[in-house]
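Undergrad: no sequence on this one, just coordinates:
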């Protein structure tokens, strides 16, 4: 028997005769082709091409920030409000019987807390004369430097940052007595007592933190200049 001229199947194709083809009809589906318009085949603008050709393509790069790397502003600036509040309480209540770990003011110094206190003292001292705020900050910085150098000469193991923080925080008592001086300003005797109380309070808070056991019999040599420094700070407020 002679095989048919047109085999019915050959792989994926079906062969038919010309007579049978007249009865066939159908359509060819268009392929599902998607253009990648966001990939590397995206047409660049003239300005983009110009920059890339001249080696400035890095200007067009965009860094994708990881959400986990975004930190709060206070954390970025290394500001711990709870720590500052605790140190303020340690300075305002320097009595050991109250149970505060006052050594944290010296052993864990920070910058923003003392700076805020010095600026607050500047505001209440100078009644808005902002041009001399820099002068008070200068006294704080260089006065602390003087105390630091004296402490090191006397054999104390203290860093400049520690002295700067302690001296700054210990300005709080002078801020506390400021409203009282306004109230009793007309009573000279009461005003003088409040001033002395404020200076002794501030000097005691600072000296008890800085004049540690390493000074032994040399404590008065360090306490005296601290006391004079706070007298000078008080004079900036009272004008005497």
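TA: Now that the structure is in, tell me what you want to look at. Note that the structure is a prediction, hence the values are computed from the model and not measured.

Undergrad: So which elements touch the helix with the most length in the chain?
TA: Under DSSP state H, the helix in the chain containing the largest number of residues is helix 188-210. Counting contacts by 3 or more Cβ pairs under 8 Å, 6 or more residues apart in numbering; DSSP states H and E, helix 188-210 is packed against helix 103-107, helix 160-169, helix 172-183, helix 219-238. Every residue, glycine included, has its C-beta placed from N, CA and C.

Undergrad: rerun that using 6 Å as the cut-off
TA: helix 160-169, helix 172-183, helix 219-238 (3 or more Cβ pairs under 6 Å, 6 or more residues apart in numbering; DSSP states H and E).

Undergrad: Is residue 110 part of a helix or strand, or is it coil?
TA: coil (DSSP: H, G, I helix; E, B strand; the rest coil).

Undergrad: what about the closest residue to it other than its chain neighbours, how many neighbours?
TA: In this structure, residue 110 finds its nearest non-sequential neighbour in residue 165, 6.1 Å apart by Cβ to Cβ, 6 or more residues apart in numbering. For residue 165, the neighbour count with other Cβ atoms under 10 Å is 25.

Undergrad: Hmm, residue 165 is touching residue 115, no?
TA: No. Using Cβ atoms under 6 Å, residue 165 is not in contact with residue 115; the gap is 9.7 Å.

Undergrad: ok, back up a step: mind putting the helices and strands packed on helix 188-210 in TSV, mean pLDDT and distance to residue 106 included?
TA: Converted to TSV, the helices and strands packed on helix 188-210 look like this (pLDDT from 0 to 100; distance: least, Cβ to Cβ, whole Å):
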stretch	mean pLDDT	distance to residue 106
helix 160-169	90	5
helix 172-183	85	15
helix 219-238	84	13
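
Undergrad: just these: most buried one?
TA: With neighbours defined by mean count of other Cβ atoms under 10 Å, none of the helices and strands packed on helix 188-210 is more surrounded on average than helix 160-169, at a mean of 24.

Undergrad: tell me what that one is packed against?
TA: Contacts of helix 160-169 with other secondary structure elements, assessed using 3+ Cβ pairs under 6 Å, 6+ apart, are made with helix 103-107, helix 112-126, helix 133-153, helix 188-210.
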